[in-house]
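J.: Show me the folded form of this:
(one chain, ligands or ions: 1)
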Amino acid sequence: MTTEEVISLTEQNILKTYSRVPLAFERGEGIMLYDLEGVEYLDFTAGLGVNALGYAHPVITDLIREQADRVIHTSNLFHIPSQAVLAKKLCGRSFGERVFFCNSGTEAIEGALKFTRKWGKQFTVPKTDFVAFKNSFHGRTYGALSATMQEKYRKGFDPLLPGFSYGILDDIESVEREVTERTAAVIIEPLQGEGGINFPDVNFMRNLEALCRDHDMLLIVDEVQCGMGRTGRLFAHEHFGITPDIMTLAKPLAGGLPIGATITGPRVWPVIAPGEHASTFGGNHFVTGVACGVFDIISDPDFLAGVAEKGDYLAHKLDKLREKYPLIKEVRGKGLLMGVRFDFPASEAVDYFRNERILVCTAGPDVLRFIPPLIITMSHIDRVIEILERFLREKS
Ligand code: PLP
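T.: Next up is the predicted model:
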């Protein structure tokens, strides 16, 4: 099949929910992707944060083969060894005490919202409401979309769920103003992804934690995009020294297989009883078997230190470019989730990079996003910086 044929088939048969780049890939290796015509691309998108270990990683491919030979799915009618082991690993390295497994980020958020509402029912005046944030992104299903405050995602789909209001990142008073006796939880991305790569201030996050404790509310951190090593720590909230009550994970957790997880702390899990939430595929042998291997690699302290070092290097190089080229308005992010804000559409830079056989993406209209596989090397970063500088020089 040629790329042209794929594009034609897509246009005839696939619902137009995506505006796609005219590329189709056949295989990947390390951090390189190869299109149907055999052209090689350096990938700084990692399947939107999913392919943390790149393509055809030997540990992942071996685990996939082994698990496929044994058993893929039995349902949650029965105990699932790899699910139990993965949950132990996740809890062992976090505040979590019990995990619910599902299949995507948005589904992990739905779990978080439902568990919170169940928790809120124990109060004389039931706590049913949520405070989320402007520029947030939590997913496309109705609960997650109701927590998402970006008009472009919500337009045309109202009415959304009642009980959601929105504060402003780094403005604790804006959150305080939204809190009532009915507020059950605050939900926040410890590093906003789709909203433009915004890393909150440490004092703001600590004040938010204190606000939640003072008003008997839960703190939910959505680490679907920024969790699992992406920021140089296993979980992004660790940068702030805070303890949430619920954390959602998804994208990189099974190295490319669909998985989501809602991790619950001691205040939350005791309120949930059998039958109150479920997922047919959630946490099956296949995905959790692979995720155990992915977790062992990413959670290794040396691996995480390497991500932090590469992230610092990337940030330093981007800052140098910002000093040199006024076209860059801001450099922001943490670890290997970095954004560069321009005062023109970031898609121009994406197109330029693509012509140079490098894949990057945007985060909002004017932010260029770097979210490479965590296994990149310094020389890959140098290559990307070289192309960005050439783009800026030509555009200046
Ligand atoms: N939460 C965050 C922070 C995300 O970045 C995303 C997806 O980009 C989601 C939730 C939704 O995840 P999914 O697309 O797997 O439903």
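
J.: what about the helices in the stretch 51-200 of the chain?
T.: Along the stretch 51-200 of the chain, counting by DSSP state H, counting those that start in this stretch, helices occupy 58-70, 81-92, 105-120, 142-147, 151-154, 172-176.

J.: out of the ones you listed, nearest to the ligand?
T.: Across the helices of the stretch 51-200 of the chain, the ligand has its closest neighbour in helix 105-120 (2.2 Å, C-beta to the nearest ligand atom). (Glycine included, C-beta is placed from N, CA and C.)

J.: quick check, Ala291 in a helix?
T.: Yes. Residue state for Ala291 (DSSP: H, G, I helix; E, B strand; the rest coil) corresponds to a helix.

J.: Which residue, other than its chain neighbours, is closest to it?
T.: Distances taken as C-beta to C-beta, 6 or more residues apart in numbering place Ala254 nearest to Ala291, at 4.0 Å, with adjacent residues excluded.

J.: which ones are touching that neighbour?
T.: By C-beta atoms under 8 Å, 6 or more residues apart in numbering, the contact list for Ala254 reads 287-288, 290-291, 294.

J.: For Leu160, state which of those residues is nearest.
T.: Val287 (29.6 Å; C-beta to C-beta).

J.: So that closest one belongs to a helix, correct?
T.: Yes. With three-state DSSP as the criterion, Val287 is part of a helix.

J.: That one and Gly256 touch, don't they?
T.: No. Counting by C-beta atoms under 8 Å, Val287 stays clear of Gly256, with 9.9 Å between them.

J.: that older thread, and the residue nearest to Ala291, how far is that from Tyr142?
T.: For Ala254, the distance to Tyr142 equals 25 Å [C-beta to C-beta, to the nearest Å].

J.: returning to that earlier point: quick one, which of the helices of the stretch 51-200 of the chain is nearest to Pro22?
T.: Closest among those, using C-beta to C-beta: helix 151-154, at 22.8 Å.

J.: Next, the buried residues of that closest one.
T.: Within helix 151-154, the residues that count as buried by 16 or more other C-beta atoms under 10 Å are Tyr153.

J.: So is that helix next to the ligand?
T.: No. Applying C-beta under 6 Å from any ligand atom, one finds helix 151-154 separated from the ligand by no less than 10.5 Å.

J.: What lies in contact with that helix?
T.: When contacts are defined by C-beta under 8 Å, 6+ apart, helix 151-154 is touched by residues 137, 140, 145, 148, 160.
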